[in-house]
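**Student:** Sequence first, then the predicted structure:
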Amino acid sequence: MVEERLSEDEAALYDRQIRLWGLEAQKRLRAAKVLLVGLSGLGAEVAKNIVLSGINSLTLLDHKKVTEEDRCNQFLVSREDVGRNRAEASQEATQKLNPLVKITVDTSNIDDKPDSFFQQFNVICITSSLRNALCRINKLCHEHNIKFFATDAFGYFGFMFSDLGSHEFAEEIPKPKPKETEESENGEPKEKKAKIAMETVVVKNSSEFVRFESALKFDWSTEENQKRLKRTAKVYFIMQVMLKFLEKHGRHPSVKSKTSDMEELMKLRTEVLESLSVKQEVLTDYFVSHCFAELCPVSAIVGGVLSQEIIKAVSQKDKPHNNFFFFDGINGTGLVEQIG
């Protein structure tokens, strides 16, 4: 249940964004309970943006420890935090961003959590996780009307996925004003104006989303979808390869084992494309040497888009991306694609 009134502190803190997206949208944000899984650099970007928006609460869940690499791309932890749990190390800095948001920490492994744990949240965002966990939790969210987001960043590439189920939203669109009959003093119509007057109207709309598993198993073998391949973001297939690598090795490709990991990525590319009935030339070798490390600019872009989509989904303000956003840092492009 959304409370009717904001406190004076909330009204003062969120004044500018209330002017941007309205009081009702802010009330919906204030009622949102969000679970964020994974506090790498990408997770930190998401945490920062949604806490500043004014959600009700944020639970940071991560069983991993802060690494030397985290010191370079995760701005919520410090040099002294290496070896500490990432969620615990990120809590203080996250809380300072917005004292009005309740920040809690969970150091458990997401795989150990029962279904009942996830049902207490309105929004679940999972970063850098295994395919089985993503599909399992997405299915649960789909069945219980919980907004689900998945994301990851690998080298120059990144993606976000959203499943909002059957989602209703309000959208502002420009519309020509009704024509007014104007007459001159002698009763004759005045000359038509060259410009058409426009006004902004709010329209209620809805979108239907599919589950992550359906998007991964999309049938590319049909003639229609074969034609679509030419304009489909290559990051979709890179994402599939990276999910396979993560599933097999329990980690992302590492600079410390770059040569062997590059060879592994080439093998997995062949397996993945064959399983999808896609020709090998769809994904050339260029991606293999650009999948290493978590780059701050990529995390900032992907995390920024994802955070925007969470805010849109919760506030029910503006049309959401349905269902993928892909970023390719090699050519500097970001594409929204509906697959599945």
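**Tutor:** Nice, I can see it. Numbers count the residues shown, from 1 in each chain.
**Student:** okay, which residue is most central for the chain?
**Tutor:** Residue closest to the average C-alpha location in the chain (CA atoms, centre = their mean): L306, at 2.8 Å.
**Student:** Is that one in contact with M160, as I believe?
**Tutor:** Yes. Between L306 and M160 there is a contact at 4.3 Å, judged by CB atoms under 8 Å. C-beta here means a position set from N, CA and C on the backbone, and glycine is covered the same way.
**Student:** Show me how far the longest helix along the chain is from its chain's centre.
**Tutor:** If you go by DSSP state H, the chain has its longest helix at helix 296-315. Distance, stretch centre to chain centre, for helix 296-315: 5 Å (CA atoms, centre = their mean, to the nearest Å).
**Student:** and the residue nearest to the centre of the chain, how far is that from S90?
**Tutor:** Distance from L306 to S90, counting by CB to CB, to the nearest Å: 17 Å.
**Student:** again with M262
**Tutor:** Taking CB to CB, one finds M262 at 31 Å from S90.
**Student:** Count the neighbours of Q226 for me.
**Tutor:** As a burial measure, Q226 scores 13 neighbours (other CB atoms under 10 Å).
**Student:** check contacts around it.
**Tutor:** Applying CB atoms under 8 Å, 6 or more residues apart in numbering to Q226 gives the contacts W220.
**Student:** repeat for A233
**Tutor:** A233 sits in contact with F324, F326, D328, T333, L335, E337, where contact means CB under 8 Å, 6+ apart.
**Student:** show me the contacts for P253.
**Tutor:** Contacts of P253 by CB under 8 Å, 6+ apart are F154, G155, M242, F245, D261, M262, E264, L265, C291, F292.
**Student:** Could you say which helix or strand holds P174?
**Tutor:** Using DSSP states H and E, P174 maps to strand 166-176.
**Student:** And that strand, what does it pack against?
**Tutor:** strand 198-208 (3 or more CB pairs under 8 Å, 6 or more residues apart in numbering; DSSP states H and E).
**Student:** ok, and what's touching the strand it packs on?
**Tutor:** 164-177, 319-320, 322.
**Student:** Name the strands paired with it and say parallel or antiparallel.
**Tutor:** strand 166-176 (antiparallel) (DSSP bridges).
**Student:** Would you mark the buried spots in the strand it pairs with?
**Tutor:** Residues H167, F169, A170 are the ones in strand 166-176 that count as buried (16 or more other CB atoms under 10 Å).
**Student:** who's in contact with that strand?
**Tutor:** Residues contacting strand 166-176 (CB under 8 Å, 6+ apart): 147, 196-209, 312-313, 316-320.
**Student:** Are any of those residues buried, and if so which?
**Tutor:** Applying 16+ other CB under 10 Å to the contacts of strand 166-176 flags K147, S207, F209, K312, A313, Q316, K317, D318, K319, P320 as buried.
**Student:** what's the pLDDT at the first one?
**Tutor:** Here, the pLDDT recorded for K147 equals 98.
**Student:** What is the three-state secondary structure of the closest residue in space to Q338 that isn't next to it in sequence?
**Tutor:** Distances taken as CB to CB, 6 or more residues apart in numbering place N322 nearest to Q338, at 5.2 Å, with adjacent residues excluded. Recorded secondary structure, N322: coil (DSSP: H, G, I helix; E, B strand; the rest coil).
**Student:** returning to what we had before: which neighbours do L306 and M160 share?
**Tutor:** Joint contacts of L306 and M160 (CB under 8 Å, 6+ apart) are F149, T151, F325.
**Student:** Compute the first-to-last residue distance for stretch 281-298.
**Tutor:** From its first residue to its last, stretch 281-298 covers 25 Å (CA to CA, to the nearest Å).
**Student:** so how far is it off the chain centroid?
**Tutor:** Relative to its parent chain, stretch 281-298 has a centroid offset of 19 Å by CA atoms, centre = their mean.
**Student:** and for it, what are the contacting residues?
**Tutor:** By CB under 8 Å, 6+ apart, stretch 281-298 touches 40-42, 69, 72-73, 153-158, 229, 234, 237-238, 241-242, 252-255, 258, 261-262, 265-266, 269, 273, 327, 329-330.
**Student:** Repeat the analysis, applying 7 Å as the threshold.
**Tutor:** Contacts with stretch 281-298, where a contact means CB atoms under 7 Å, 6 or more residues apart in numbering, come from 40-42, 73, 153-158, 229, 234, 237-238, 242, 253, 255, 258, 262, 265-266, 269, 273, 327, 329-330.
**Student:** What of stretch 17-30?
**Tutor:** 2, 6, 10, 14, 53-56, 311, 314-317.
**Student:** Keeping just the C-alphas, turn stretch 46-61 into PDB.
**Tutor:** Provided in PDB are the C-alpha atoms of stretch 46-61 (Å, rounded to 0.1, in the frame of the first residue of the first chain):
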ATOM      1  CA  VAL A  46      22.700   0.400 -10.200                       C
ATOM      2  CA  ALA A  47      22.700   0.800  -6.400                       C
ATOM      3  CA  LYS A  48      23.800   4.400  -6.600                       C
ATOM      4  CA  ASN A  49      21.100   5.400  -9.200                       C
ATOM      5  CA  ILE A  50      18.100   3.700  -7.600                       C
ATOM      6  CA  VAL A  51      19.000   4.800  -4.100                       C
ATOM      7  CA  LEU A  52      19.100   8.400  -5.300                       C
ATOM      8  CA  SER A  53      15.700   8.000  -6.900                       C
ATOM      9  CA  GLY A  54      14.100   7.500  -3.500                       C
ATOM     10  CA  ILE A  55      13.000   3.800  -3.300                       C
ATOM     11  CA  ASN A  56      11.800   2.400   0.000                       C
ATOM     12  CA  SER A  57      14.500  -0.100   0.700                       C
ATOM     13  CA  LEU A  58      17.500  -1.900  -1.000                       C
ATOM     14  CA  THR A  59      18.900  -5.200   0.000                       C
ATOM     15  CA  LEU A  60      22.500  -5.800  -1.200                       C
ATOM     16  CA  LEU A  61      23.100  -9.500  -1.600                       C
END
